[in-house]
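Enquirer: Using only what follows, build the 3D model:
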Amino acid sequence: MRVHVPVHLRWGDLDAYNHVNNVELMRLLEEARVRAFWRSGEDEDGVDRGMALIEAEVGADTVTLIARHEVVYLAPIAYRRAPLDVQLWISHLGGASLDVCYDVFGSGEASGDLYARAVSTIVLLDTATNRPRRITDEERLAWSVYLGEPLQLGRSRS
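Expert: Numbers count the residues shown, from 1 in each chain. Take a look at the predicted model:
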C-alpha cells in the first residue's frame with residue numbers, strides 16, 4: 001500500500017532551465033515525507049495519515065535523521081498548477097531505521113508521468129540520549145501495512 005501526498009510546486013522551485021531544480025526535488029520529497037509520517041493538528045489536507053505515528057511537536061522524545069538519500073531523475077519537471085502526486089511506501093524496517101521509497105508522478109488531466117524515484121534511510125533518534133532508538137512494536141505493526149518492494153535504483157556498470 002502506498003500513501004499519496006499531493007505536493008504543489010512553487011515558482012521558486014524552478015531553475016534557469018525552467019524545470020524543478022534537483023535540490024528543490026529533495027525539498028518536495030521532504031514535504032511529502034513529513035506530511036505522511038508526522039501527526040499534527042492540521043490533517044485536513046487529504047493525506048492518508050496511516051503512517052503518522054511520530055508526534056510533530058517541540059520537545060517530542062523522538063526526532064528523525066536522514067542517513068542516506070538516493071535519487072534517480074527520470075524526466076524534467078516543468079512548472080505546473082496541478083500538484084505532483086508523491087507516492088511513498090516503506091521497503092525496509094530495521095532495528096532503529098527504515099527505508100522510505102518515493103515515486104514522483106504528475107497529476108491532473110495533463111500528465112501521469114513518472115518524474116523521479118528515490119529512497120531515504122531514516123534513523124529514529126531518542127532526544128534524551130541523542131542515540132538511535134528502536135522502532136516500537138506499535139510503529140512496526142502500523143508501518144508494516146506500507147511495506148513494499150524496494151526500489152532498484154543503481155545502474156550496472158560494464
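Enquirer: Quickly run through the sheet partners of the helix or strand hosting D103, with directions.
Expert: Assigned by DSSP states H and E, D103 belongs to strand 97-105. Strand 97-105 has its sheet partners listed here by DSSP bridges as strand 84-93 (antiparallel), strand 114-126 (antiparallel).
Enquirer: L65: which of the ones you listed is closest?
Expert: strand 114-126 (4.8 Å; C-beta to C-beta). No exception for glycine: its C-beta is placed from N, CA and C like everyone else's.
Enquirer: Can you give the distance from whichever helix or strand comes after that closest one to the centre of its chain?
Expert: Going down the chain from strand 114-126, the next helix or strand is strand 131-132, by DSSP H and E. For strand 131-132, the separation from the chain centroid amounts to 21 Å (computed by C-alpha atoms, centre = their mean, to the nearest Å).
Enquirer: How is L28 assigned, secondary-structure-wise?
Expert: State at L28, reduced to three classes by DSSP: H, G, I helix; E, B strand; the rest coil: helix.
Enquirer: Which residue, neighbours along the chain excluded, lies closest to it?
Expert: V7 (5.2 Å; C-beta to C-beta, 6 or more residues apart in numbering).
Enquirer: My guess is the one you found contacts R33. True?
Expert: No. Look at V7 against R33 with C-beta atoms under 8 Å: they stay out of range, at 10.4 Å.
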